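Colleague: Predicted model follows, preceded by the sequence.
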Amino acid sequence: MILKGDTIKIASIVGARPQFIKLIPIVKAINSSINNSYKIKHLIIHTGQHYDYLMNKVFFDELQIPEPDYNLEVGSGTHGYQTGTMLKKIEEVLLKEKPNIVIVYGDTNSTLAGALAAVKLHIPIAHIEAGLRSYNKLMPEEINRILTDHISTYLFCPSKTAVKNLKKEGIKKGVYLVGDVMYDTLLITLEIAKNKDHTIIQKLNLKPKEYALVTIHREENTTNFEIFNSIFSAIVEIANNGLTVVFPVHPRTRKVINTIFSDFSLPSNLLLIEPISYLDMILLEANSKVILTDSGGVQKEAFFLKVPCITLRQETEWIETVKLGWNTLAGTQKEKIIKAVFNLNKGKKYYLPYGKGKAAQKIVNKILSFCLK
């Protein structure tokens with residue numbers, strides 16, 4: 001029990017770009033919750049799952065997130081190596097710091113390792129983005145999120161669908177519908193972008209609403225050469241048909257392109273650029289004509305920004321974006337991708353099924369009430 005004047009210690013475990021994005025409004029909500037009755041110490045434990053500057057440190061520099069208290073510098077590797085190494089190192093930190101609660105942020109190996117370390121030390125776990133399901137267990141992210149949900153103490157769901165998914169699996173206790181923290185982040189980020197001199201649209205000589213934006217990073221799309229060849233061939237064809245394509249290339253994806261397409265002459269209006277900052281990415285998304293992606297986060301950002309999205313997967317966790325007509329599941333076949341781009345579904349209707357930008361504060365309020373019981 002926390003008494004007046006005591007310190008509530010909250011540990012956030014992050015390690016990949018989407019988690020840094022979700023961390024932004026949680027940091028802000030924690031800072032706004034500090035009062036005279038108790039102190040709050042928010043520990044940020046960075047696993048080092050993403051270690052390239054533009055994949056992680058730029059978030060801390062650009063988006064006003066405090067530097068991590070711990071950087072475990074795990075880096076890349078097989079799922080077993082990465083998860084096992086994180087588990088060992090996170091456990092050491094938790095034994096030292098003894099937090100009142102651990103927050104994990106999604107579906108990565110960092111989330112699973114953090115949840116496993118906490119549950120074995122009997123530390124309560126708060127899972128942000130709980131209840132999401134693709135129902136495709138070939139995706140490592142699906143395994144991570146299912147296991148994390150089943151060992152979490154508090155499950156913060158972004159949508160009614162997520163709550164229903166948990167109920168189907170017998171998880172009813174500790175489930176809270178709070179909305180999506182990524183919408184909170186988008187609102188914060190757009191405000192920051194207004195006050196900064198960002199010129200990526202001008203730097204790339206782009207005209208608003210006259211280019212397509214592409215992101216590809218998922219393992220199933222980048223490790224299978226046949227699948228990646230189909231996707232990338234579609235992108236080349238789209239560019240050959242006159243639509244400028246901007247493609248910030250994930251490091252894993254760059255290796256595949258260099259392997260398969262090193263001898264090919266690519267269209268001049270296919271812009272393969274280095275990974276970019278989150279603010280630049282939001283500006284590219286907001287000004288694009290269409291977004292092609294296999295990222296769950298980018299699907300939602302496209303929806304929030306009212307930009308048509310083509311998802312390069314057979315399924316999505318964010319089914320509301322499909323039902324409302326803003327997201328097309330094109331899969332990975334070349335012909336289907338091209339057809340989807342040139343027959344855009346611009347949205348049947350629009351409303352926000354993911355809350356109103358207050359999810360982070362709801363989560364922090366709940367966490368504090370749990371700690372003060």
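Modeller: Alright, I've got the coordinates.
Colleague: Please report how far Asp114 lies from Lys306.
Modeller: Not quite, residue 114 is Gly, not Asp. 34 Å (CB to CB, to the nearest Å). Heads up, the C-betas are built off the backbone N, CA and C, glycines and all.
Colleague: Neighbour count: those two, which is higher?
Modeller: Counted by other CB atoms under 10 Å, Gly114 and Lys306 do not tie: Gly114 has more neighbours, with 32 against 11.
Colleague: Dig out what the nearest residue to that one once chain neighbours are set aside forms beta bridges with.
Modeller: What sits nearest to Gly114 in space, not counting adjacent residues and going by CB to CB, 6 or more residues apart in numbering, is Ile13, at 3.4 Å. Ile13 forms beta bridges with Ile45, Val104, as assigned by DSSP bridges.
Colleague: pretty sure Ile13 contacts Gly48?
Modeller: No - under the criterion of CB atoms under 8 Å, Ile13 is not in contact with Gly48, lying 11.5 Å apart.
Colleague: higher neighbour count, those two?
Modeller: Taking other CB under 10 Å, Ile13 and Gly48 do not tie; Ile13 has more neighbours (30 against 22).
Colleague: How much space separates the residue nearest to Gly114 from Ser288?
Modeller: 32 Å.
Colleague: what does Pro68 give?
Modeller: From Pro68 to Ser288 the distance is 32 Å (CB to CB).
Colleague: Tell me which of the two has more neighbours.
Modeller: Comparing Pro68 with Ser288 by other CB under 10 Å, the one with more neighbours is Ser288, at 26 against 21.
Colleague: Quick one: residues contacting the more buried one.
Modeller: Neighbour list for Ser288: Lys209, Tyr211, Ala212, Leu213, Val246, Val307 [criterion: CB atoms under 8 Å, 6 or more residues apart in numbering].
Colleague: Swap in 7 Å and give it another go.
Modeller: Tyr211, Ala212, Leu213, Val307 (CB atoms under 7 Å, 6 or more residues apart in numbering).
Colleague: what do you get for Ile231?
Modeller: Taking CB under 7 Å, 6+ apart, one finds Ile216, Asn221, Leu312, Thr332, Ile337 in contact with Ile231.
Colleague: State the helix or strand in which it lies.
Modeller: Following DSSP states H and E, one finds Ile231 within helix 225-240.
Colleague: in the stretch 101-250 of the chain, which spans are helices?
Modeller: 109-120, 140-151, 160-168, 181-194, 200-203, 219-222, 225-240 (DSSP state H, counting those that start in this stretch).
Colleague: Now the second one: average pLDDT?
Modeller: Predicted confidence along helix 140-151 averages 96 (mean pLDDT).
Colleague: what do you get for the fourth one?
Modeller: Confidence for helix 181-194, expressed as mean pLDDT, is 87.
Colleague: Can you give me the buried ones in that helix?
Modeller: Val181, Met182, Tyr183, Asp184, Thr185, Leu186, Ile188, Thr189, Ile192, Ala193 (16 or more other CB atoms under 10 Å).
Colleague: The last one too?
Modeller: By neighbour count on 16+ other CB under 10 Å, the buried set for helix 225-240 is Ile227, Phe228, Ser230, Ile231, Phe232, Ser233, Ala234, Ile235, Val236, Glu237, Ile238, Ala239.
Colleague: Pick out whichever of those residues sits closest to Pro158.
Modeller: Ile231 (27.2 Å; CB to CB).
Colleague: Next, work out how far apart that closest one and Ser288 are.
Modeller: Taking CB to CB as the measure, Ile231 falls 18 Å from Ser288.
Colleague: swap in Ile26?
Modeller: On the measure of CB to CB, Ile26 and Ser288 end up 28 Å apart.
Colleague: same deal with Glu301?
Modeller: Distance, Glu301 to Ser288, using CB to CB: 11 Å.
Colleague: rewinding a little: so which of the contacts of Ser288 is the closest to Lys349?
Modeller: Val307 (15.5 Å).
Colleague: The closest one is in contact with Asn287, isn't it?
Modeller: No - with contact defined as CB atoms under 7 Å, Val307 does not count as touching Asn287 (8.7 Å).
Colleague: And for Lys88, the neighbour number?
Modeller: Lys88: 13 surrounding residues under other CB under 10 Å.
Colleague: which non-adjacent residue is nearest Glu320?
Modeller: Pro353 (4.4 Å).
Colleague: wait, Asp149
Modeller: Ala130 (5.4 Å).
Colleague: in the protein, which helix or strand is least confident?
Modeller: When each helix and strand of the chain is scored by mean pLDDT, DSSP states H and E, helix 57-62 comes last, with a mean of 66.
Colleague: After that helix, which helix or strand is next?
Modeller: strand 70-71.
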